[in-house]
Structures are given as C-alpha cells and as structure tokens.
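Novice: fold the following.
(one chain, ligands or ions: 1)
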Amino acid sequence: MITRRRFLASSIIAGLAGPVTNLVSAAGSTTPWRNWSGALVSNPASRLAPESEDELADMIKRTSGPIRPVGAGHSFAPLVPTDGSLLVLDRMSGVISHETESLQATLWAGTRISETGPLLDGLGQAMFNLPDIDRQTLAGAIATSTHGTGKRLKSMSGYVTGLRLLTLNGEWFDLDEGNNADLFHATQVSFGAFGVITRISFQNREPFRLRTQEWIDKTENVLERFDQALEEHEHFEILPVIPSDHCLVVANSETNDPLKAPVEEDDGGEYLSTLDATPIMLRRALINTLAGEIEPTEAVSESFNALTNLRFDRFNEMEYSVPVQSGPDCLREILAIIERESIDVVFPLEYRIVDGDDTWLGMFAGEPRISISVHRLASHDYRPLFDAIEPIFWKFNGRPHWGKVHNLGYDELKNLYPRFDDFIALQTSLDPGGRMLNDHLKYLLGR
Ligand SMILES: Cc1cc2nc3c(=O)[nH]c(=O)nc-3n(C[C@H](O)[C@H](O)[C@H](O)COP(=O)(O)OP(=O)(O)OC[C@H]3O[C@@H](n4cnc5c(N)ncnc54)[C@H](O)[C@@H]3O)c2cc1C
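Specialist: As a prediction, this is how the structure comes out:
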C-alpha cells in the first residue's frame with residue numbers, strides 16, 4: 001500500500017529536472033532579492049526595516065524614488081521587484097489588541113500567518129479559514145486576497161474589519177466600514193499600491209478543531225456530488241492528479257474529538273522510481289492503476305494546524321477564480337488540453353471554492369467563485385503549460401490571483417471588476433507620482 005501524500009509527492013518528483021527559467025530582474029544594488037520560487041529577482045537600492053510606526057514614518061519621509069513593501073516574498077507575480085527601496089515589516093509583528101466579546105483582534109501587518117494561530121488561540125480566538133501554507137505575512141496575504149477553501153468561508157481579506165495605512169506623503173488613515181468605507185474596501189486588497197499597511201484587524205471566531213480526511217476518488221464522481229460534499233465538510237477541495245481520472249480529496253470538518261496524529265507515511269521508493277521512469281504516454285494508465293491502492297487517511301488537529309501544510313518543492317503557480325457554475329467545465333477543459341497536447345506536467349491541480357466579499361479587487365469580490373490552480377516545478381519553464389491554459393480561464397471570465405502568474409493588464413482587468421477605475425482613481429490620488437508602482441503594477445493599472 002502507498003499513502004496519498006506519497007502518491008502526490010511521487011507525481012511531483014517525477015517531474016524534477018531542467019534549468020530555472022523566467023527570471024525577472026531589475027538593475028541596482030549587489031544584494032539581490034528573490035521570491036520564494038526563485039523566478040523573480042531584483043536589486044533594490046536600499047532595504048528598510050522599521051521597528052515602529054514612528055520609525056516607518058521617518059523612513060518614508062527621508063526616502064525618495066520608488067518604494068515597494070514586501071511580505072514573505074511568496075508571490076509568483078512580480079508585485080514586489082524594485083530597484084528602489086524595499087520595505088519589510090518583519091520587526092512589526094504580533095498582537096496589538098483584542099476584544100473578547102466581538103472576537104476581533106488587531107495585529108501588526110508583518111506578523112506571519114504561522115505565528116497567528118497560536119497567538120490567537122491563547123486569546124480564545126481563531127481565524128475562520130487559512131491558505132495552503134502559513135509562511136506569508138498578514139499584510140502580504142490580504143494584499144492579494146489569499147484564501148483557503150469552503151462554501152461559507154471567505155478569503156483572508158474578507159475577514160478584515162479595520163486597517164491602518166500610511167501613504168507616501170506621510171498621511172495616516174484608520175479605515176473601517178464606518179470610517180472612509182470606500183478607501184477601506186479598496187485597501188483590503190491593494191497589493192501595496194496605496195501605501196504601507198501597518199495594522200490589520202480581523203473578525204475571528206472561537207478556536208476549533210478539524211477532522212482532516214483524505215482519499216482518492218474519480219474526479220468526475222467528486223464533481224457530480226460537489227454540492228453535497230460542500231454541505232458535509234466546511235472546508236473541501238480536490239487536487240486532480242494529472243494525467244489521470246483521479247483526484248486527491250481533502251475534507252476538513254469541525255469536531256470536538258480528541259487530537260489524532262496523521263498516520264505514518266511509508267517510503268514509497270519503488271513507486272517513485274517507477275513513475276519517474278515512465279514515459280508520458282504510459283503515466284495515465286499507471287496512475288489510474290495505482291490509485292486503487294491508496295488508503296484513506298484521517299487526523300484531528302487544531303484548525304490552524306489542520307489547514308496549512310509545508311511545501312518543500314519549489315514551484316510557480318497560475319490561479320484564476322471563475323464563476324461557481326463554470327468551475328467543472330473549466331477544470332475539464334484544463335485536464336483535456338494537458339492530455340491532448342501531451343504537456344509534460346505531473347504536479348496536481350487544485351480546485352477550491354471561496355465565498356464572496358465586499359472588497360473592490362478581491363478575486364471573490366461580490367460573489368462566491370471557484371478557484372483553480374496550475375503548478376509547475378521551479379526547475380521547469382512554466383510558460384508552455386501556463387500559456388496553454390490561461391486562455392481557458394479567460395473564456396470562463398476568470399479573475400487572476402494577484403500574487404500568481406498571469407498576463408492580464410488594464411484593458412482586460414477593468415472588465416472583471418466593477419470598481420477597477422475607482423481603484424485607479426484612489427491610487428492616483430494617494431500616490432500621484434506613482435512611486436508605489438513598479439512596471440508590473442503600472443501595467444495592471446494602466447498608469
Ligand atoms: C507555497 C505557496 C503556497 C501558497 N498557497 C496559497 C493558497 O493556498 N491560497 C492563496 O490564495 N495563495 C497562496 N499562495 C500565494 C500567497 O499567499 C500570496 O502570493 C501572498 O500574497 C504572499 O504573501 P507574502 O507575505 O509572501 O507577500 P509578498 O509576496 O511579499 O507580497 C505580496 C503583496 O503584498 C504587498 N505588501 C506586503 N506587505 C505590505 C504592507 N505592509 N503594506 C502594504 N502592502 C504590503 C506587497 O507589496 C505585494 O504587493 C501561496 C504561495 C506559495 C509560495
């Protein structure tokens with residue numbers, strides 16, 4: 001028997017080879033900055049790491065030229081690269097205040113998601129939902145509407161109840177629903193284009209435990225009973241394994257049961273080397289056969305441990321959200337093109353659902369949507385895969401994840417978000433000189 005994790009890991013390892021590609025760089029100093037995948041590189045002229053809001057304000061006053069805030073560098077899209085000043089809030093981390101009755105908490109923007117779980121747990125609070133990993137900063141995560149999965153669960157930006165923003169002209173804004181609501185909803189997802197966010201307040205809930213169940217099923221079976229599964233499991237997603245008819249199903253449901261550690265994983269070495277050595281034409285049959293041997297697993301953990309994973313294999317990713325009713329057909333078309341064109345990719349896809357929110361530019365602004373991700377190991381050129389698949393997302397009115405690879409600019413984006421031009425007007429008023437914009441952001445906003 002082989003476990004489902006090993007099943008996926010082996011698919012990934014089967015693809016390891018080749019040079020790192022897609023480097024984006026900007027001229028400047030000699031200490032390069034790189035993102036998590038290694039595909040983005042830039043040479044900032046200076047790095048700023050304030051310890052307090054006063055120090056930040058002083059630094060902003062003394063800095064001229066372009067400036068880009070950076071979180072944990074986990075975005076795949078070139079939101080951060082700059083040859084100006086790179087600003088990091090790593091030293092502004094932790095809980096600032098909390099309210100027991102309303103279950104809200106205000107944290108420093110540089111706090112990592114990984115620190116947030118235990119910190120909030122100690123205060124009798126937990127975040128409603130979390131993404132696949134927890135290395136991101138809170139400011140970085142909400143800047144791109146980072147999300148997990150769940151029919152009744154929003155992106156992290158959707159739970160923001162308040163923000164503190166410093167603009168480059170030295171003006172401070174405390175924003176919430178009752179205080180400059182337009183700027184608040186625009187800033188909830190603003191990829192560092194308005195200024196520097198220093199404090200973020202979240203609506204949380206009481207701490208909870210999740211039973212994590214994982215099993216292999218036929219992708220079509222799961223799509224057919226997807227609605228029912230969403231009712232049964234608060235957090236539900238599938239990872240279609242390519243090329244095959246199967247997917248890994250990951251279902252998290254609330255429970256009061258005692259903690260239960262995940263099962264031990266086997267070595268799976270024989271299976272790994274078999275798949276690795278298998279030509280593309282034969283992989284489908286091999287994976288479909290082996291899928292029948294995967295045993296379901298179950299664990300019980302605190303929510304913040306259950307929802308996030310460790311990812312050791314570096315990759316690049318494209319992700320779009322599409323209207324809920326288009327999700328299954330969009331996924332089918334992606335699977336079909338990979339098969340039809342024999343694209344040599346073995347990394348599973350990811351298919352999730354997220355509820356709508358009030359943000360202006362969130363991927364889920366105004367309505368629930370399905371998100372679909374495509375991954376390519378960092379050692380491979382992602383362009384052939386992403387270029388083949390991106391038009392499928394466009395056909396289904398997809399909105400790109402701001403932090404992941406995509407090729408859309410102002411002309412297309414303005415049609416995907418009703419408030420896109422309003423966002424640009426706000427950005428222009430807060431940053432008339434465009435100092436917060438790099439080339440990528442100028443392309444997005446048409447400035
Ligand atoms: C392995 C891996 C798994 C992932 N899983 C998921 C997932 O499950 N779901 C999902 O939605 N995404 C996922 N992502 C994408 C990731 O969550 C987003 O790209 C996120 O924005 C990265 O956060 P960061 O802290 O690394 O920010 P960065 O990538 O460093 O920056 C992101 C944006 O935030 C801005 N920013 C940072 N700090 C501030 C600040 N103080 N003020 C204003 N702006 C600021 C930056 O300027 C930039 O525009 C994943 C990424 C990786 C590498």
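Novice: interface residues of the stretch 1-150 of the chain facing the ligand?
Specialist: Applying CB under 6 Å from any ligand atom, we find that the stretch 1-150 of the chain lies next to the ligand at 36, 68-75, 79-80, 89, 109, 131-133, 136-137, 139-141, 143-144, 146-147. Where C-beta positions appear, they are placed from N, C-alpha and C, glycine not excepted.
Novice: which stretches of the stretch 51-200 of the chain form strands?
Specialist: Along the stretch 51-200 of the chain, counting by DSSP state E, counting those that start in this stretch, strands occupy 67-70, 85-88, 95-99, 104-108, 160-166, 172-176, 196-203.
Novice: helices and strands of this protein: which one bottoms out on pLDDT?
Specialist: helix 4-13 (a mean of 50; mean pLDDT, DSSP states H and E).
Novice: quick one: name whatever helix or strand follows that helix.
Specialist: strand 33-34 (DSSP states H and E).
Novice: other residues contacting that following strand?
Specialist: Residues outside strand 33-34 that contact it (CB atoms under 8 Å, 6 or more residues apart in numbering): L40, V41, S42, N43, P44, V70, G73, V80, P81, L86.
Novice: partners of it, with directions?
Specialist: strand 41-42 (antiparallel) (DSSP bridges).
Novice: centre of the chain to the strand it pairs with, how far?
Specialist: Computed by CA atoms, centre = their mean, to the nearest Å, the chain-centroid distance of strand 41-42 equals 21 Å.
Novice: also stretch 197-209?
Specialist: 18 Å.
Novice: got the end-to-end distance for that stretch?
Specialist: One end of stretch 197-209 to the other measures 31 Å (CA to CA, to the nearest Å).
Novice: what comes up buried for that stretch?
Specialist: Across stretch 197-209, burial judged by 16 or more other CB atoms under 10 Å covers I197, T198, R199, I200, S201, F202, Q203, N204, P207, R209.
Novice: next one: the fourth one relative to the ligand, how far apart?
Specialist: Yep, that's I200 we're talking about. 9 Å (CB to the nearest ligand atom, to the nearest Å).
Novice: measure that residue to E302 for me?
Specialist: As judged by CB to CB, to the nearest Å, I200 and E302 stand 22 Å apart.
Novice: pick the one among the buried residues of stretch 197-209 closest to the ligand.
Specialist: When the buried residues of stretch 197-209 are compared for distance to the ligand (CB to the nearest ligand atom), I197 wins out at 3.7 Å.
Novice: A251 touches E231, doesn't it?
Specialist: No - with contact defined as CB atoms under 8 Å, A251 does not reach E231; the gap is 11.5 Å.
Novice: more neighbours: the two, which one.
Specialist: Per other CB atoms under 10 Å, whichever of A251 and E231 has more neighbours is A251, with 21 against 10.
Novice: so that one, which state does it fall into?
Specialist: strand (DSSP: H, G, I helix; E, B strand; the rest coil).
Novice: just give the nearest non-adjacent residue to it, would you?
Specialist: Leaving out its chain neighbours, the residue that sits closest to A251 by CB to CB, 6 or more residues apart in numbering is H233, at 4.0 Å.
Novice: residues touching that neighbour, list them.
Specialist: Contacts of H233 by CB under 8 Å, 6+ apart are Q213, A251, N252, S253.
Novice: if I look at the closest residue to the third one other than its chain neighbours, how far off is I133?
Specialist: Excluding the flanking residues, the one nearest N252 by CB to CB, 6+ apart is H235, at 3.8 Å. Distance, H235 to I133, by CB to CB: 15 Å.
Novice: then E319?
Specialist: 14 Å.
Novice: how about the contacts of strand 33-34 in JSON lines, adding neighbour count and pLDDT?
Specialist: Output for the contacts of strand 33-34, formatted as JSON lines (neighbours: other CB atoms under 10 Å; pLDDT from 0 to 100):
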{"residue": "L40", "neighbour count": "24", "pLDDT": "98"}
{"residue": "V41", "neighbour count": "15", "pLDDT": "97"}
{"residue": "S42", "neighbour count": "24", "pLDDT": "97"}
{"residue": "N43", "neighbour count": "17", "pLDDT": "97"}
{"residue": "P44", "neighbour count": "24", "pLDDT": "97"}
{"residue": "V70", "neighbour count": "24", "pLDDT": "98"}
{"residue": "G73", "neighbour count": "19", "pLDDT": "98"}
{"residue": "V80", "neighbour count": "27", "pLDDT": "98"}
{"residue": "P81", "neighbour count": "25", "pLDDT": "98"}
{"residue": "L86", "neighbour count": "26", "pLDDT": "98"}
